[in-house]
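Enquirer: just coords:
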C-alpha cells in the first residue's frame with residue numbers, strides 16, 4: 001500500500017506541474033506544449049511516464065487538432081441536436097440474443113448483432129461514439145455479470161439478478177433506459193434489481209424506486225431503439241405497475257444516497273423485512289478512483305472482500321487503472337488477472353487531456369475483476385517434538 005501511495009503522490013505532483021505549465025502557456029497565448037516535451041520538464045516515475053508515452057503513441061500523433069478534435073466537434077453536434085443530458089441514450093437494442101448465444105466480444109460484434117450504426121462510415125461515426133458512450137455502462141456491467149457467473153456459484157437466474165452499482169452518480173442514474181441493454185444480452189433473466197448506491201446519487205432520487213419494463217421484437221438479427229417504459233414509485237410503497245403487464249422484462253432500480261457500507265449496515269439492522277439486504281450477484285464501480293480516495297473506499301472494500309461479492313471496477317486511463325488495481329491488490333483482493341485489462345466496451349467519446357496533449361482517455365477504458373480475498377498459504381501447524389533433556 002505504501003508503494004501505491006508513493007506513486008499516487010508522484011502522479012498528483014506531476015499532474016500539478018503539467019497543469020501549471022499549460023496554464024502559463026495559455027496565459028501567454030501560446031499553444032499547449034506537447035506531452036512529450038512536458039514529460040521532459042516534470043518529475044514523474046519512469047513506470048508512469050512509460051504509460052503516458054504509450055497512450056500518446058496509441059493516439060498516433062502530437063497534434064490534437066489533427067487527431068480527435070474534429071471528431072469531438074462532430075460528437076458534440078450530435079449531442080446538441082438530440083438534446084441529450086448526461087447518461088441519456090440515443091440508441092437501444094430492440095432484439096435479444098438467442099438462448100445460449102454468447103456475449104458479443106466487442107463493439108464491432110455488438111454492432112453486427114444488434115444493428116448498431118456502423119463505425120466504418122464517416123457520417124455515422126459521431127453517432128456511433130455518442131451511443132456507445134452511454135451503452136458502455138450496461139455493456140461493461142454485462143461483462144461483469146459474466147465474470148460473476150464464473151467466479152461464484154450462481155447457477156440459476158430464475159429468481160432474477162441483483163446488481164449493485166457502487167459510487168453511482170449522474171452518469172449511472174440518468175437515462176435509465178440504457179440498463180435495458182442488460183436484458184438484451186441476458187435473455188434468460190426476466191427480473192432485474194439494480195441498486196444505485198453512493199454519496200453522489202442525486203438527492204432528488206434518494207429513496208426512490210423506478211420500474212422499467214421492455215418488450216423485445218423477437219430475437220432476430222438487428223434492430224434498435226427498444227420499447228422501454230418506466231414508472232416511478234417511492235421506496236417501501238407497494239404500487240401496481242401496469243406497464244409491466246405482458247412485458248418480457250421487468251427491471252426495478254433503487255436509489256440510495258449513501259456509502260455502500262453504510263447502506264449495508266442500515267439494511268442489516270432494519271426492522272422491515274422488505275428492506276433487508278439481498279447480497280448482490282455482482283457489484284460494479286465505474287471510474288471508482290479507489291486509489292485516489294482509498295480512505296473513503298476502505299470500509300466498502302472490506303465488506304465486498306469479506307462477503308466474496310464478484311466485482312468489476314473501471315478506470316479512465318492506464319495510469320489510473322494501474323493505481324486502482326494495485327490498491328485493491330494491496331487490500332488483499334483475489335484479482336482475476338495480473339493487470340487491468342483494456343475494456344472492449346469502453347466509451348468511445350474521447351476526452352482530451354488538457355495537461356498531456358494529444359493524450360485522450362475514455363469512460364470505462366480499463367477494467368479489472370475480483371472476487372473475495374486471495375488465499376494465503378496456511379502456516380505449518382504441526383507442533384515440533386521437544387528434544388529430551390540429557391540427564
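Expert: Thanks, I have it. This is a predicted model, so every value here is computed, not measured. Numbering: from 1, shown residues only.
Enquirer: what stretches of the stretch 1-150 of the chain score poorly on pLDDT?
Expert: For the stretch 1-150 of the chain, the stretches flagged by pLDDT under 70 are 59-67.
Enquirer: rerun that using 50 as the cut-off
Expert: Along the stretch 1-150 of the chain, no part satisfies pLDDT under 50.
Enquirer: neighbours of residue 127, just the number please.
Expert: Residue 127 is flanked by 21 other residues according to other Cβ atoms under 10 Å. Any C-beta I mention is one placed from the backbone N, CA and C, and that applies to glycine too.
Enquirer: Oops, could you answer that again for residue 6 instead?
Expert: Other residues close to residue 6 by other Cβ under 10 Å number 11.
Enquirer: Could you do residue 121 as well?
Expert: Residue 121 has 10 nearby residues by other Cβ under 10 Å.
Enquirer: you'd agree it is in a strand?
Expert: No: using DSSP: H, G, I helix; E, B strand; the rest coil, the assignment for residue 121 is coil, not a strand.
Enquirer: mind checking how far it is from residue 311?
Expert: 37 Å (Cβ to Cβ, to the nearest Å).
Enquirer: Break down the chain into its helices, ranges please.
Expert: For the chain, the helices defined by DSSP state H cover 2-27, 35-41, 46-59, 69-81, 107-114, 125-151, 170-173, 181-185, 260-269, 294-307, 318-330.
Enquirer: Relative to residue 96, which of those is closest?
Expert: Minimum separation from residue 96 across these (Cβ to Cβ) falls at helix 181-185, 5.0 Å.
Enquirer: Against which helices or strands is that closest one packed?
Expert: helix 125-151, strand 249-256 (3 or more Cβ pairs under 8 Å, 6 or more residues apart in numbering; DSSP states H and E).
Enquirer: From the contact counts, what lies against the first one?
Expert: In other words, helix 125-151. Using 3+ Cβ pairs under 8 Å, 6+ apart: helix 125-151 touches helix 69-81, helix 107-114, strand 161-166, helix 181-185, strand 282-285, strand 310-315, strand 366-373.
Enquirer: 6 Å instead, please
Expert: The elements that helix 125-151 packs onto, with contact taken as 3 or more Cβ pairs under 6 Å, 6 or more residues apart in numbering; DSSP states H and E, are helix 69-81, helix 181-185, strand 282-285, strand 310-315.
Enquirer: in that helix, what's buried?
Expert: Buried residues in helix 125-151, counted by 16 or more other Cβ atoms under 10 Å: 125-149, 151.
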